[in-house]
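> Can you look at this prediction? I've put the sequence above it.
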Amino acid sequence: MKKTPIISLLFCLLLTSCSKPTDIFSSYEEAQSALISLNTALSAQPNSQVTQLSNEQLPFTDAYLERRHAIYQQLMQMQLSAEQTNQVNYLVIAERFPERYFAWPAQTNVLANMLTMAKNDAQYKNIEQWLRFVKSQLEAAEQSNLKLNKVEHSYLKKYVQQAINRTNTPVELNAALSELNNYLADYKPRGSIGLSGLANGSQWYQSKLNYFANAVLSPLEWLSRIDSKFKSMQSQKQQTTVEASNASQLTTLLLTDSKIAGLDWLTGYTLLPLRANASQLEPADELLYMAMMETDLGVHYHAWTLSQARLNLLKRLNISEEEATLLVEDILFYPGQAFSFAPQLLN
């Protein structure tokens, strides 16, 4: 099951056959549909028409990356809005960074999604090969000083162990699952939980800040603005209660407004900066996103630990430790997304 971004879910509260690489898309919407189909294993959509698993849909394999790149290149040739162009540029820049080494993103249960689509032995064989690909990519990543953080590592171990223990898991996958399980059991995650702990991670994080905030400022410049904003809010003596658990109340809603439909599975296929700009924040929401942005910088730039991140959120917000943990995981899995509100809160 995909771990839905809390940032995207909060927007809901604030507002009410796979194509071939040679296809020529006549519109942005056609390209978006192709990406949604391609990413089905990463982000299964309700009412999806995808009923089988193709080689291209195996995340971060060569076939997947080639297909995705071809779609991006066609999008770059289209006449798009400024917001759509910004997202395409952001996604193309992201191709430079080490995402491909982590073929099973920890915020989504890719295997479970795949098994809902696989219909025959040939497709189970593809999944078996993909599980071995996940392991080989993690091994290659270690050689380049790229490792999972401990939260990602914990989630992947859980997914694999769940599949091993599930009685309806195809027997064809048993050997590959066992190999991956043994590898993860001996795996030593990196010390830093944020992107700064990865090679080129600081540059990757900066690209996310630039896109979501729609401005080019360094983390320290953003932190200065956040500090000034907090001082202003404290001088107003605002008393605010934030319930992080409220974010899960509307999990069935999708942000599918055609005017702001996006291309990135990690943002729920919406243009988060545009969505944020269209929303009107209550004082409680302002405080929440301020705390999220501050903690985002702490985790991904200043290399805060999990405990430091939780303590900061507990200091800023009237929430429980469990809610603080959920928010920290959201920050880990979706770096920079909170900065979609930066233009509204920090300019």
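Cool, the structure landed.
> Would you map the helices across the stretch 151-300 of the chain?
Secondary structure of the stretch 151-300 of the chain (DSSP state H, counting those that start in this stretch): helices at 174-186, 201-213, 219-235, 272-278, 283-300.
> Would you single out the least confident of the ones you listed?
For these, mean pLDDT drops lowest on helix 272-278, to a mean of 86.
> hang on, the earlier thing: and the helices of the stretch 151-300 of the chain as JSON lines, adding mean neighbour count and distance to residue 333?
Bear in mind the C-beta positions are built from the backbone N, C-alpha and C, glycine included. Supplementary listing: the helices of the stretch 151-300 of the chain in JSON lines, determined by neighbours: other Cβ atoms under 10 Å; distance: least, Cβ to Cβ, whole Å:
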{"stretch": "helix 174-186", "mean neighbour count": "15", "distance to residue 333": "18"}
{"stretch": "helix 201-213", "mean neighbour count": "20", "distance to residue 333": "12"}
{"stretch": "helix 219-235", "mean neighbour count": "14", "distance to residue 333": "19"}
{"stretch": "helix 272-278", "mean neighbour count": "22", "distance to residue 333": "14"}
{"stretch": "helix 283-300", "mean neighbour count": "23", "distance to residue 333": "11"}
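> can you tell which of those is closest to residue 116?
helix 174-186 (16.9 Å; Cβ to Cβ).
> Give me the helices and strands touching the closest one, please.
If contacts are counted by 3 or more Cβ pairs under 8 Å, 6 or more residues apart in numbering; DSSP states H and E, helix 174-186 sits against helix 121-143, helix 150-165.
> on that earlier part again, for the helices of the stretch 151-300 of the chain, give me TSV that also has distance to residue 265.
As requested, these are exported to TSV (distance: least, Cβ to Cβ, whole Å):
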stretch	distance to residue 265
helix 174-186	23
helix 201-213	15
helix 219-235	25
helix 272-278	13
helix 283-300	20
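> Any idea which of these gets closest to residue 97?
helix 201-213 (4.3 Å).
> now for the closest one, which elements pack on it?
helix 82-94, helix 219-235, helix 272-278, helix 342-346.
> hmm, back to that, for residue 264, find the nearest of the helices of the stretch 151-300 of the chain.
Nearest to residue 264, of all the helices of the stretch 151-300 of the chain, is helix 272-278, at 8.6 Å by Cβ to Cβ.
> If you tally nearby residues, what's the number for residue 123?
Other residues within reach of residue 123, judged by other Cβ atoms under 10 Å, total 19.
> right, and it touches residue 117 too?
Yes: under the criterion of Cβ atoms under 8 Å, residue 123 makes contact with residue 117 at 7.5 Å.
> so what sits against both of these two?
Shared contacts of residue 123 and residue 117, defined by Cβ atoms under 8 Å, 6 or more residues apart in numbering, comprise 52-53.
> And the helices of the stretch 151-300 of the chain: which comes nearest residue 314?
When those are ranked by proximity to residue 314 (Cβ to Cβ), helix 283-300 comes first, at 9.6 Å.
> list the helices and strands the helix or strand just after the closest one packs on?
Once helix 283-300 ends, the next helix or strand along the chain (criterion: DSSP states H and E) is helix 306-316. Packing partners of helix 306-316 (3+ Cβ pairs under 8 Å, 6+ apart): helix 283-300, helix 321-333.
> List the contacts of helix 306-316.
Residues external to helix 306-316 that are found in contact with it (Cβ under 8 Å, 6+ apart): 150-151, 193, 287, 290-292, 294-295, 298-299, 304, 319, 321, 324-325, 327-328, 331.
> mind redoing it with 7 Å?
Helix 306-316 has contacts (Cβ atoms under 7 Å, 6 or more residues apart in numbering) with 193, 287, 291, 294-295, 298-299, 319, 321, 324-325, 327-328, 331.
> ok, now which ones touch the residue nearest in space to the middle of the chain?
Centroid check for the chain by Cα atoms, centre = their mean gives residue 266 as the closest residue, at 3.8 Å. Listed by Cβ under 7 Å, 6+ apart, the contact set of residue 266 reads residue 334.
> Okay, it and residue 87: tell me how far apart.
Distance of residue 266 to residue 87, computed by Cβ to Cβ, to the nearest Å: 11 Å.
> With residue 24 instead?
As for residue 24, its distance to residue 87 is 21 Å (criterion: Cβ to Cβ).
> These two: who's more crowded?
Between residue 24 and residue 87, counted using other Cβ under 10 Å, residue 87 has the larger neighbour count: 23 against 8.
> so that one touches residue 262, yeah?
Yes: with contact defined as Cβ atoms under 7 Å, residue 87 reaches residue 262; the gap is 5.8 Å.
> okay, and the common contacts of these two?
A shared contact of residue 87 and residue 262, defined by Cβ under 7 Å, 6+ apart, is any residue touching both; here these are residue 271.
> Could you check how far residue 302 is from residue 219?
Between residue 302 and residue 219 the distance is 8 Å, computed by Cβ to Cβ.
> returning to what we had before: as JSON lines, the helices and strands packed on helix 174-186 with mean pLDDT would be great.
Rendered in JSON lines, the data for the helices and strands packed on helix 174-186 read as follows (pLDDT from 0 to 100):
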{"stretch": "helix 121-143", "mean pLDDT": "96"}
{"stretch": "helix 150-165", "mean pLDDT": "98"}
